[in-house]
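Asker: A predicted structure for the sequence below; I have some questions about it.
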2 protein chains.
Amino acid sequence: MAKEKKAPRPKAQTPKGFRDYFGEDVSQRAEMLRVITGVYHHYGFDALESAAVETVEALGKFLPDVDRPNEGVFAWQEFDEDDKGDWLALRYDLTAPLARVYAQHRNDLPTPYRRYAMGPVWRNEKPGPGRYRQFYQCDADTVGTASVAADAEICAMLSDTLEKVGIARGDYIVRVNNRKVLNGVLEAMGVSDAGQQADVLRTIDKFDKVGEAGVRQLLGKGRLDASGAYIDGVGLSDAQAEPVVQFLIAKGASNAETLENLRGAVGESAIGAEGIGELAEIAGLLEAQGYGADRIVIDPSVVRGLGYYTGPVYEAELTFEILDEKGRKRQFGSVAGGGRYDDLVKRFTGQAVPATGVSIGVDRLLAALREKGRIGGKAAGPVVVTVMDKARMAEYQGMVAELRQAGIRAEVYLGNPKSFGNQLKYADKRESPVAIIAGSDEQERGVVQIKDLILGAKIAENATHEEWKERPSQFEVPRAELVSKVREILSGQD
Amino acid sequence: MAKEKKAPRPKAQTPKGFRDYFGEDVSQRAEMLRVITGVYHHYGFDALESAAVETVEALGKFLPDVDRPNEGVFAWQEFDEDDKGDWLALRYDLTAPLARVYAQHRNDLPTPYRRYAMGPVWRNEKPGPGRYRQFYQCDADTVGTASVAADAEICAMLSDTLEKVGIARGDYIVRVNNRKVLNGVLEAMGVSDAGQQADVLRTIDKFDKVGEAGVRQLLGKGRLDASGAYIDGVGLSDAQAEPVVQFLIAKGASNAETLENLRGAVGESAIGAEGIGELAEIAGLLEAQGYGADRIVIDPSVVRGLGYYTGPVYEAELTFEILDEKGRKRQFGSVAGGGRYDDLVKRFTGQAVPATGVSIGVDRLLAALREKGRIGGKAAGPVVVTVMDKARMAEYQGMVAELRQAGIRAEVYLGNPKSFGNQLKYADKRESPVAIIAGSDEQERGVVQIKDLILGAKIAENATHEEWKERPSQFEVPRAELVSKVREILSGQD
C-alpha cells in the first residue's frame, strides 16, 4: 500500500520586504504618534482615517495600462463572474486618499479642511536593506485655501511637533523654498522648453552632492564625476545658467538678505516676484509669532520636492551629527517634508482646489529620537513573580495584582515551574528589573525575597569589583512590604 | 477635425464595503486603544505589530485550491516573469499572524510569550449595513503555556480593561465555559460520530434564541419555527439529549453550584472531569484575587466559540439595555471573546503549542461607551479666530499661538475672509465653542470681542426664553485677557 503523501508544512515567514515589529518598537512609535497628533489636534486639525484599500481608479497615479496594475502598488481585481470587477489597491501614500475623500465628502467638510492622518502605506517595490514595502506616514494637510498663512502655519506646527517629541531647538531646522521662485528663475534664464526645464530640475537636485561649481558644469558642457565617467551637461551658456546658480546660493545671513538675493535671481519675472512675495509673507508671519531663523528659515537650496509641488515647499532637517555605517560623521538629515499642491482634487471634480501639507517620516524620526536617547534606554520589562509552588498560584497572582494596582508592570511566570533556573532565564529574556521569590519557607515566615536583577547583572559583570560585591542584590522583606520595597528598588535603578 | 476624447474623470468613492472615519471617531478609538494596551502592558504583555500582508500559505485557512484564493481574503499573486510568484493576502485576523510570528521567531521570544496586537483586519465578504470589509481588532494572547492560570489571567485582564475604558462594574460580565466539559457531555450522551457531534454543536448555538424547550425539540424530532417552517431535529432520544440540556442550564447561584451541576451532566467522562477541574481552578484563582461573580462567572450557557476552541472559552457581555433599531429594549451583548486553542502553531512546526487569548470587538466597545456617554458629548471643536483684516494675519496667528500655549485648541480662519457670515458658518461646522473677533476698531482700543457660540446657539433656539436673553453671549475684554476669558467661557460650557 502506498504511503499517503502529507501536505508540506507552510513556511513561517514574513513575505519578502515586510517585517514584524516587537515590543518597544511598537509602543514607542505609538507614543510618538500620540504626541504628534496631539500637536496637530491643538492646531485645529481633525483626524481622518481612510481604509487601506482604494480603487486603482481613485489612486490615479497607477492606472492599469495593461492587464495588471501592479507596478508600484499592490493591486488585485475584485472577483465577479465576468471578470469585470474593479481593480483595488493598497494606498501608497496618505495624500491620494485625502484627495479622494475631499472630493467625495466636500459638501460635508468645512472649507478650509485641516486634517491629519497616520498609518501604514504600501509600495510594491524591490525591497532592500532597511527598505520595506510597508511603512508609516503621519501627514497634516490644509485643503481649500490659497493663503500662504496655511503654509506658514504648517511650518510652525512642524517646528512645535519636533520639539514636543523631544528634538531640542538647535537640533533641527525647517527650511522653506518656493517653486514659483524657481519658475521665475527659469523665465529669467529663458528656459521655456519643458524638456530643458526638466533637465535643469534634475541638475539642481544634485546641488547638495556636487556643489556650486558642479552645478555650473552640469548646466553647461558637462562634468567628470568621481567615478571617472563623463556626465553630459544641459548645454546652457554661463550667462544663461547664472540665475539658477544665484537661486541655489541665495541664502543670506537673514531672511531679508535671502529675499533680496532672490530678487536678483528672478530679474523681471512676474511669477518669480509672486513667489518671493509669498516667501516674504511666510517669513513675516513666522517672525511675528517668534519663530526665528533658529527654527524656520527661507533657504533656496532646498530643492527636494520642487518638481512635484506648485508653491511653497518645506523640509525639516535634523542638524546633529551621527556616525554612518562606515563610522563617518554625517548630519542626520531630513525627517519631514511637504509643500503646496493645487491639482490633486481636480482629477475628480474638474475644479482646482489649493492645498498644502506635510508628511513626517515616522521611522526616521523615531530613529533620531533613539539616537538622541530621548526614548528607550530604561528597561521596560515587567517585575516577574516566580513560581516556587504551583499550588500557590492564586497567591502569586495576588502579588502581581497588588503590584499592578500600584502602577508597576508585573507578571507571574506561567511556564513549567520545575526548573528555577529557567524562571530566572525567562526573567532575563523579559529584561525584568526585579524578580519575586516566595516558597513555602517564606510563606511560613510571612516574608518574600526580592531580587534586584539589574544590580545582580552588574555584580556578575564586575565580579572583582568590591563596591558591587558589598551591595546586596537580594532582600527579604515582610510580605506586607512587597510593593513598597519593589518601588524603592525600581526608583534606584533609574 | 475630430474632437480629442477626454479621459473620463475618476469616481471619488471608497471601494464597496470600505468607509472613511472622521475626527472624533478616529481619536476616540485611538484613545480607547491606548487605554486598553496600557492595561495589557501592565499585565506584562508585549506589543507585536506584524505587517498587514502575509503569504496565503502562512495564513493557511484560505489555501488556494484553484487559481485565485480570493474566497474570504483579499489576495493577489506577486508578479514575476513566469507568473510563479507567491500568493499574498491581507490578514483576516490577528491570530493567524501570531501563529506565523511565534513559529518564525520562537527561539528569540520568551516562553510563555504574552503579546498584544491591535489594528485593522480585512475580510473579502459581501458587505452589508454596518458590516465593513476592514475593521479593527485588539487581541491579547499567551502562547506556550498549558496552565489555566493563563486563562484566568486573561479573564481578569478583560474585566480590568472594561472598567478602565469606562464600563462600570455591574454593566458587564465575563462568562467562562470549557470545551472539554462539552466533550465530556457528548461522551455521556454517547454521541461519538463527528457529524452528529457537529449537529449537536449547531443546535446548542441556538440555545439563546430557542431556549431549553427549543433545544430539546431540535435535539430530538425537530421543531416548527416562528416562520412556520419545520426544522428537522438531530434525532436523539430524550434520555440521550438530557446531558447537553443539563450542561446548558447548569448555571447555579454560585460557581460551586454550577460546577456541581456540570459534574452531573458529564457523568463518568474523564475529559469532562478534566474540563470541570480546569473551570474550578480558574474560579479559585479569580476568587482568591477578589474577582467575584459580579465580574467573572462560570456559565455553561456560553456556547459561542465552543466549536473552535479546545479548552476554556470566555466572553465579555455588556448587560445594560439599549434600544434597537425598532425601539425595543435589548441587552447590548458581547464585546469580547476568546479561549484556548492548542493547534495553530503546529501547522508550521509540527509541535503543538498551547495558547489562549482574547479579542476585543473595538467598534462595538466604542459604540457601547458612546451609548453610556463615557466618551463624546462635549464639543471638541477649536476656538476660531476670525479674520477681520487680512493684513493682520500675523496678529491673529499670534492669538491662536497664545491660546494653544495655554492648552486650548485653536485655529485662525484661513478661507476667504470677505464674508463674516461665512466665517461664523465655518465656526459652526467646526463645532467651535468660541469665536474671537478683532477688527481695526478693536485693535485701536486694545481689546478683542469673544463670542460664546454654545450660549449663542442656546439663545437662538430659545429666543423667547428670558433667562437666556439676559445673559450676554459676547464679551469685550482687553487683549491681554484673551486667554483667561476664553478659558473662563470654556469651563462654564461643560
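Answerer: Nice, I can see it. Numbering: from 1, shown residues only, chains lettered A, B, ... in the order given.

Asker: ok, the residue minimising distance to the centre of chain A - contacts?
Answerer: In chain A, the centroid-proximal residue (C-alpha atoms, centre = their mean) is residue A:362; its distance is 1.4 Å. By C-beta atoms under 8 Å, 6 or more residues apart in numbering or on different chains, the contact set of residue A:362 is A:29, A:32, A:33, A:118, A:135, A:136, A:137, A:138. The way it works is simple: take the backbone N, C-alpha and C, and place the C-beta from them, glycine included.

Asker: Quick check: phi and psi at it.
Answerer: phi -60, psi -50 (degrees, to the nearest 10).

Asker: State the number of residues packed around the residue in the stretch 1-150 of chain A that chain B sits nearest to.
Answerer: Nearest residue of the stretch 1-150 of chain A to chain B: residue A:44, at 2.9 Å (C-beta to the nearest C-beta). By other C-beta atoms under 10 Å in any protein chain shown, the residues close to residue A:44 number 27.

Asker: correct me, but it touches residue A:114?
Answerer: Yes - contact criterion C-beta atoms under 8 Å: residue A:44 and residue A:114 qualify, at 5.5 Å.

Asker: Between the two, which contacts overlap?
Answerer: With C-beta under 8 Å, 6+ apart as the test, residue A:44 and residue A:114 both reach residue B:411.

Asker: Packing partners of the helix or strand where residue A:241 lies?
Answerer: Applying DSSP states H and E as the criterion places residue A:241 in helix A:238-248. With contacts defined as 3 or more C-beta pairs under 8 Å, 6 or more residues apart in numbering or on different chains; DSSP states H and E, the packing partners of helix A:238-248 are helix A:179-189, helix A:194-204, helix A:207-219, helix A:255-266.

Asker: Skip ahead from the longest one and say which helix or strand is next.
Answerer: Later in the chain than helix A:207-219, the nearest helix or strand by DSSP H and E is strand A:222-224.

Asker: What pairs with that following strand, parallel or antiparallel?
Answerer: When pairing is defined by DSSP bridges, strand A:222-224 lines up against strand A:230-232 (antiparallel).

Asker: Count the neighbours of residue A:14 for me.
Answerer: Residue A:14, neighbours per other C-beta under 10 Å, totals 21.

Asker: per-residue pLDDT, residue A:192?
Answerer: Note for residue A:192: predicted pLDDT of 88.

Asker: quick one, what contacts it?
Answerer: residue A:186.

Asker: same question, residue A:366
Answerer: A:28, A:29, A:32, A:375.

Asker: How about residue A:126?
Answerer: By C-beta under 8 Å, 6+ apart, the neighbours of residue A:126 are residue A:17.

Asker: does it sit in a helix or strand, and which one?
Answerer: Judged by DSSP H and E, residue A:126 forms part of no helix or strand.

Asker: one step back: that's a strand at the residue of the stretch 1-150 of chain A closest to chain B, yeah?
Answerer: No - counting by DSSP: H, G, I helix; E, B strand; the rest coil, residue A:44 is not found in a strand; it is coil.

Asker: mind checking pLDDT for it?
Answerer: 96.

Asker: Which segments of chain A make up each domain?
Answerer: Domains of chain A are assigned by automatic domain parsing as A:16-146+A:342-377, A:160-330, A:383-492.

Asker: Figure out how far the last one is from the centre of its chain.
Answerer: When you say that, I think you mean domain A:383-492. 38 Å (C-alpha atoms, centre = their mean, to the nearest Å).

Asker: Could you report the pLDDT at whatever residue of the stretch 151-300 of chain A ends up closest to chain B?
Answerer: Residue nearest to chain B within the stretch 151-300 of chain A (C-beta to the nearest C-beta): residue A:288, separated by 3.5 Å. Residue A:288 is assigned a predicted lDDT (pLDDT) of 92.

Asker: How about the residues of the stretch 101-250 of chain A by chain B?
Answerer: A:101, A:103-105, A:110-112, A:114, A:120, A:122, A:133-134, A:142, A:144-145, A:147, A:149-150, A:152-153, A:156 (C-beta under 8 Å from any C-beta of the partner chain).

Asker: now with 10 Å?
Answerer: A:101-106, A:108-120, A:122, A:124, A:132-136, A:142, A:144-150, A:152-153, A:156-157, A:160 (C-beta under 10 Å from any C-beta of the partner chain).

Asker: If any of those are buried, put those into a PyMOL selection.
Answerer: Of these, the buried ones can be selected in PyMOL as follows, counting by 16 or more other C-beta atoms under 10 Å in any protein chain shown:
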select buried, chain A and resi 101+102+103+104+106+109+110+111+112+113+114+115+116+117+118+119+120+122+124+132+133+134+135+136+142+144+145+146+147+148+149+150+152+153+156+157+160
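
Asker: Can you name the element that comes right after the lowest-mean-pLDDT helix or strand in chain A?
Answerer: The helix or strand of chain A with the poorest confidence is helix A:466-470; it has a mean of 63 (mean pLDDT, DSSP states H and E). Downstream of helix A:466-470, the first helix or strand assigned by DSSP H and E is strand A:474-478.

Asker: Which elements pack onto that following strand?
Answerer: strand A:434-437, helix A:440-445, strand A:447-452, helix A:453-461, helix A:482-492 (3 or more C-beta pairs under 10 Å, 6 or more residues apart in numbering or on different chains; DSSP states H and E).

Asker: one more time with 7 Å, if that's ok
Answerer: When contacts are defined as 3 or more C-beta pairs under 7 Å, 6 or more residues apart in numbering or on different chains; DSSP states H and E, strand A:474-478 packs onto strand A:447-452.

Asker: Give the pairing partners of the strand it packs on; include direction for each.
Answerer: strand A:434-437 (antiparallel), strand A:474-478 (antiparallel).

Asker: contacting residues around it?
Answerer: Applying C-beta atoms under 7 Å, 6 or more residues apart in numbering or on different chains, the contact partners of strand A:447-452 are A:434-438, A:442, A:473-479, A:482, A:485-486, A:489.

Asker: Quick check: ChimeraX command selecting the buried ones in those.
Answerer: Only the buried members of the contacts of strand A:447-452 end up in this ChimeraX selection, burial being decided by 16+ other C-beta under 10 Å:
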select /A:434,435,436,437,438,442,473,475,482,485,486,489
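
Asker: okay, now the residue in the stretch 351-494 of chain A that chain B sits nearest to: neighbour count?
Answerer: Nearest residue of the stretch 351-494 of chain A to chain B, counting by C-beta to the nearest C-beta: residue A:411, 2.8 Å away. Using other C-beta under 10 Å, residue A:411 has 27 other residues around it.
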